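Colleague: next comes the sequence, and after it the predicted model I'd like to discuss.
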Amino acid sequence: MTEVFGTYGGRFVPETLIPALDELEQGWRDALADDDFHRELHHLATTYAGRPTPLTLAERFAPGKRIYLKREDLLHTGAHKLNNALGQAVLARRLGKHRIVAETGAGQHGVATATVCARFGLECVVYMGEEDMRRQKPNVERMKLLGAEVRGVDFGTKTLKEATSEAIRDWITNVETTHYLIGSCVGPSPYPELVAELQSVIGREAREQVLAVEGRLPEAVVACVGGGSNAIGTFRGFVADESVRLVGVEAAGAASLGTGRTGVLHGARSSILADEDGQIADAHSISAGLDYPGVGPEHAWLRDTGRAEYRAATDEDALAAFQDLARTEGLIPALESAHALARARDLDAELIVVCLSGRGDKDLAEALAALGLS
Amino acid sequence: MTKTLVIYLMAEPETPELARAAVDGGADVVELGFPFSDPLADGPVIRRAAERALSRGMRTRACLEVLGRTREAVPETPLVPMTYSSILEAYGWDRFAVDAHMNGATSLIIADLPAGEGPELRRVQLVAPTSTDERIRLAGEQTDGWLYLVTVAGITGARGDVSPALPGLVERARRLTDTRLYAGFGISTPDHARAVGAMADGIVVGSAALQAAENGPDALREFVGSLRSALDAA
C-alpha cells in the first residue's frame, strides 16, 4: 500500500488515475530537486502573491495573552489557498497539462485556482455545490470574472464533498489533458504531501517572525481544520519544536478528527465522518470551508501520535470570534479562521500564533444574518 | 468460445428476481452493486441508483442478505459484488471477503482499489486505457478469473459510440496477460455488444441494465436477451 502517514493516506482511486498520480509524483519530485522551480515559486510568492505575510499582535482581541495572527488574509485573493494554487499551476505547466479542474467549498480555493489559471493562461473548471454557491456568492462572481467556468453540483449535500467527487470524476474523464488542482491536503497520494509542502511556507515564515519579535517560540500554534491545509502548513513550521503545542480547531458539526472514524473518502484513508457501514455522513458548519466530512491523512496521524491536539468550535463560538476580531482589531476574519480564534483565546497558553487563514468579506451575508445584524 | 455477458444490478430487495430475469435473458455473470454514498467511478445512473438503495436501507448487512437470496434465485450463475473501499474498511476487509463468499459471491470488484493496493484481497482487477503495460501485467497476475477492461478514461454510463481507446487496450492486454478480458463502461446497446464482443471475451453492462430493470423483470429479460443475441452474432 502507499500509505504515507502511518496507516493513513494511500491511493483509493479507480485504476484510470493511477498513471496520472505516478506522473504527478515524479513531476513533483523532479520539481523539488530543481532550483528553477523554487526560484519561480519564490518570485511569484514575492512579486505576485504578497509574501511574506505579516505577523500581527492582536492585543485588544485577547487581553492578557500575546496572540499573534499570521496574516494569510492579506495574501492575494484573500486566503492561504493561493500558496497551493500557484505551486500546483507551475507544476501543471511542467507536466504539460493545459486544463485545470478544482473543487471549492467556501470559494477561496476556487478563486485562487481561477486566479492562477488566468495568470498562466490555463483553462479552468471549478466544481462547487449549489448550497455553497448560494452562501458564497461573491466568490462565484469572482471566479467567473477571472474566466473560470463554475459548474454547480446539485445532488447529495450540494457542498464540498459532492464538489470534490465531481471534480475527481471530471479528472478521470479528462485525465490526459487535465491537472486536478486539489485545494487541501486530502486526496490520493501524493496530494496530501504536495499540498502540505506548498503550504509549509506559512509555518516557516511564522516561526522566523515570532522568534524575531518575541525572541522565543510560542507555546502553541492554532489553526482551523477543514481538509486541514492551512493547519498543516502552519504546523510544519513548528512540528520539530517539541515544546510548541500544535492545536487544530474543527467545526463542531464537521469534526472528522474529533468524532470521526477511520474510513476511505476521496482517495485516501483518514479519519472521516461516516456511519458504521462506511457510508459518508453529512457535515454541518456555518463555514463552507470547514463543511467537509473528511480531513487530510497527516492530521489523523498527528492526532494518533499525540503530536497535535484537535478541538472543536461551534457556529456560535466562531460567529462571536468573527465579530469580536472585527470590533477589537479592525480585522474581518474568514468564518473558517474564526474557529481557530475562538479556541485560541480560551487556550491555556499565553504566547500563541494563530493562522488567520483568510479574510471574511465572502462571509458577510451569512455571518450578519446569523448574528442578527443584517 | 462463447462470449460472456455480465449484467450489473444494484443490490435492492427486488434483486433476486431481477437477477433471475437477467439470467433467463442470457446473462452469464451477475455483478451486484453494494451502494456507496460517494461512488467516484460512477456516472449519474449508478450514483442515483446507489442513493435510492441507501435510502431504502441497503447497508452492508442487507446487501449480503440480498446476495444470499440472489444465490438461491440463480444457483449456477457467478455472482460478483462490486463496491468501494469504504464499505470494506468499515466492515473489515477479511471479514467482508469471507461473508461475501459465504453468501454466494464468486469474486469481488472494488472500484477504488487499484492493482497493487491490498494485494491480499482476491478480486477482479480493472485496467484502463491509461494503464501502463507494467500495470496491465500486474493486474493480469493479481486478477481473479478475468480482467475488467475499462473501455474509456471516464466514469460509468451510456455513451453514443464504443470507445476508440478499446482496440488498443484489448491488443495490449492480449499481449501482456493470458486471462479472459471482459470490457465495460459505456456499453449500452446491442450494436455496442456486437462491436465489443468482436474484440473482447465478454462485456459488462451496468447503467443500461439498471435503466431496463426500472421497468421490471420482463423488460430486463428482454433487454438482456437483445444483448445476448448481438453478442452471439459477434
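Modeller: In hand now; what should we look at?

Colleague: helices along chain A, start to end?
Modeller: With helices called from DSSP state H, chain A shows them at A:18-32, A:35-44, A:81-94, A:108-120, A:130-135, A:137-145, A:160-173, A:191-214, A:229-235, A:297-305, A:315-329, A:335-345, A:364-371.

Colleague: which neighbouring elements make contact with the first one?
Modeller: This points to helix A:18-32. For helix A:18-32, the elements it packs on are helix A:81-94, helix A:191-214, judged by 3 or more Cβ pairs under 8 Å, 6 or more residues apart in numbering or on different chains; DSSP states H and E. Where C-beta positions appear, they are placed from N, C-alpha and C, glycine not excepted.

Colleague: looking at those helices, which one is packed in the most?
Modeller: helix A:81-94 (a mean of 25; mean count of other Cβ atoms under 10 Å in any protein chain shown).

Colleague: what's that one packed up against?
Modeller: For helix A:81-94, the packing partners by 3+ Cβ pairs under 8 Å, 6+ apart are helix A:18-32, helix A:35-44, helix A:108-120, strand A:178-180, helix A:191-214, helix A:229-235.

Colleague: list the contacts of that helix.
Modeller: A:24, A:27-28, A:30-31, A:37, A:40-41, A:44-45, A:48-49, A:72, A:75-76, A:100, A:108-109, A:111-113, A:115-117, A:119-120, A:122, A:179, A:181-183, A:194-195, A:198-199, A:201-202, A:229, A:233, A:358 (Cβ atoms under 8 Å, 6 or more residues apart in numbering or on different chains).

Colleague: now, of these, which are buried?
Modeller: In those, burial by neighbour count holds for A:24, A:27-28, A:31, A:37, A:40-41, A:44-45, A:49, A:72, A:75-76, A:100, A:108-109, A:111-113, A:115-117, A:120, A:122, A:179, A:181-183, A:194-195, A:198-199, A:201-202, A:229, A:233, A:358, counting by 16 or more other Cβ atoms under 10 Å in any protein chain shown.

Colleague: how about residue A:130, what does it touch?
Modeller: Residue A:130 neighbours (Cβ under 8 Å, 6+ apart): A:152, A:153, A:154, A:158.

Colleague: closest one of those to residue B:173?
Modeller: The nearest member of the contacts of residue A:130 to residue B:173, counting by Cβ to Cβ, is residue A:153 at 34.5 Å.

Colleague: report the beta-bridge partner residues of that closest one.
Modeller: Counting by DSSP bridges, residue A:153 forms beta bridges with residue A:129.

Colleague: do the same with residue A:67
Modeller: residue A:352.

Colleague: likewise for residue A:57?
Modeller: Counting by DSSP bridges, residue A:57 is bridged to residue A:68.

Colleague: tell me how many other residues surround it.
Modeller: Using other Cβ atoms under 10 Å in any protein chain shown, residue A:57 has 15 other residues around it.

Colleague: for residue 49, give me its contacts.
Modeller: Using chain A. Counting by Cβ under 8 Å, 6+ apart, residue A:49 has contacts A:75, A:76, A:82, A:83, A:86.

Colleague: not what I meant, chain B
Modeller: By Cβ under 8 Å, 6+ apart, residue B:49 lies in contact with B:10, B:33, B:35, B:210.

Colleague: and the second one, its phi and psi?
Modeller: For residue B:33, the backbone dihedrals (degrees, to the nearest 10) come out as phi -70, psi 120.

Colleague: rewinding a little: so can I have CSV of the helices and strands packed on helix A:18-32 showing mean pLDDT?
Modeller: Shown next, in CSV, are the helices and strands packed on helix A:18-32 (pLDDT from 0 to 100):
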stretch, mean pLDDT
helix A:81-94, 97
helix A:191-214, 98
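
Colleague: now those helices as JSON lines including distance to residue B:93?
Modeller: JSON lines is the format used below for the helices and strands packed on helix A:18-32 (distance: least, Cβ to Cβ, whole Å):
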{"stretch": "helix A:81-94", "distance to residue B:93": "33"}
{"stretch": "helix A:191-214", "distance to residue B:93": "22"}
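
Colleague: pull the longest helix from chain B.
Modeller: Taking DSSP H as the criterion, chain B has its longest helix at helix B:217-232.

Colleague: of the helices and strands packed on helix A:18-32, give the one that comes closest to residue B:44.
Modeller: helix A:191-214 (25.6 Å).

Colleague: just the angle for that closest one relative to helix A:18-32, thanks.
Modeller: Counting by axes from the mean of the first three to the mean of the last three Cα atoms, to 10 degrees, helix A:191-214 lies at 30 degrees to helix A:18-32.

Colleague: who does helix A:191-214 touch, helix- and strand-wise?
Modeller: For helix A:191-214, the contact count by 3+ Cβ pairs under 8 Å, 6+ apart identifies strand A:3-5, helix A:18-32, strand A:55-57, strand A:66-71, helix A:81-94, helix A:229-235, helix A:297-305, strand A:351-356 as packing neighbours.

Colleague: make it 7 Å
Modeller: On a contact count with 3 or more Cβ pairs under 7 Å, 6 or more residues apart in numbering or on different chains; DSSP states H and E, helix A:191-214 meets strand A:55-57, strand A:66-71, helix A:81-94, helix A:229-235, helix A:297-305, strand A:351-356.

Colleague: now stretch B:163-178: buried residues?
Modeller: For stretch B:163-178, by 16+ other Cβ under 10 Å, it's B:163, B:165, B:166, B:167, B:169, B:170, B:172, B:173, B:176, B:177.

Colleague: for burial, what's the neighbour tally of residue B:223?
Modeller: By the measure other Cβ under 10 Å, the count of residues near residue B:223 is 24.

Colleague: before we move on, the earlier item: take the helices and strands packed on helix A:81-94 and lay them out in a markdown table including distance to residue B:5.
Modeller: Shown next, in a markdown table, are the helices and strands packed on helix A:81-94 (distance: least, Cβ to Cβ, whole Å):
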| stretch | distance to residue B:5 |
| --- | --- |
| helix A:18-32 | 28 |
| helix A:35-44 | 51 |
| helix A:108-120 | 44 |
| strand A:178-180 | 34 |
| helix A:191-214 | 38 |
| helix A:229-235 | 47 |
